[in-house]
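Participant: show me how the following folds:
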Amino acid sequence: MRCALLGALFCWPAFTYAGRDIGQDEALRLVEQGTIESLNVLIADALERFPGRFLQAELELDDGRYIYEIEIVTQERRVMELEYDAATRELLDVDEDD
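Facilitator: As a prediction, the model looks like this:
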């Protein structure tokens, strides 16, 4: 019991830093308020950088910052994940999924 409690205490900080997923209704409200950019704009940017097909996207609130994670598959069949700041449209990170 004591080990489980200690384990929970040591794991707790990791959960406080995890991003919160944003649902469709909240995302639409944020776009309408001008807080974040429309997903379509960032998908277009991602496909311009890596021509291919859009796969999926997620919006998260992480450390007070809205982040879009966009996955595309390139014409060379590589799956790329691009992270954008949803408010500024800044490309933050690009990773190739294995």
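Participant: what's opposite Leu59 in the beta bridge?
Facilitator: With beta bridges defined as DSSP bridges, Leu59 has these partners: Tyr68.
Participant: what number of residues are in the vicinity of it?
Facilitator: Residue crowding around Leu59 was assessed by other CB atoms under 10 Å; the count is 23. In this view, the C-beta of every residue, glycine as well, is placed from N, C-alpha and C.
Participant: that one reaches Arg20, doesn't it?
Facilitator: No: here Leu59 does not reach Arg20: they are 9.7 Å apart, not a contact under CB atoms under 8 Å.
Participant: what residue lies at the spatial centre of the protein?
Facilitator: By CA atoms, centre = their mean, the mean C-alpha position of the chain lies nearest to Glu69, the distance being 2.8 Å.
Participant: go ahead and confirm that residue touches Met80.
Facilitator: No: Glu69 is beyond contact range of Met80, at 11.1 Å (criterion: CB under 8 Å).
Participant: residues contacting Glu90?
Facilitator: Glu90 sits next to Tyr84 when contact means CB atoms under 8 Å, 6 or more residues apart in numbering.
Participant: now do Arg65
Facilitator: Going by CB under 8 Å, 6+ apart, Arg65 touches 85, 87.
Participant: show the pLDDT at it.
Facilitator: We have a pLDDT of 96 for Arg65.
Participant: give me phi/psi at Phe50?
Facilitator: Main-chain torsions, Phe50, degrees, to the nearest 10: phi -130, psi 80.
Participant: neighbours around it, how many?
Facilitator: Taking other CB under 10 Å as the neighbour definition, Phe50 ends up with a count of 19.
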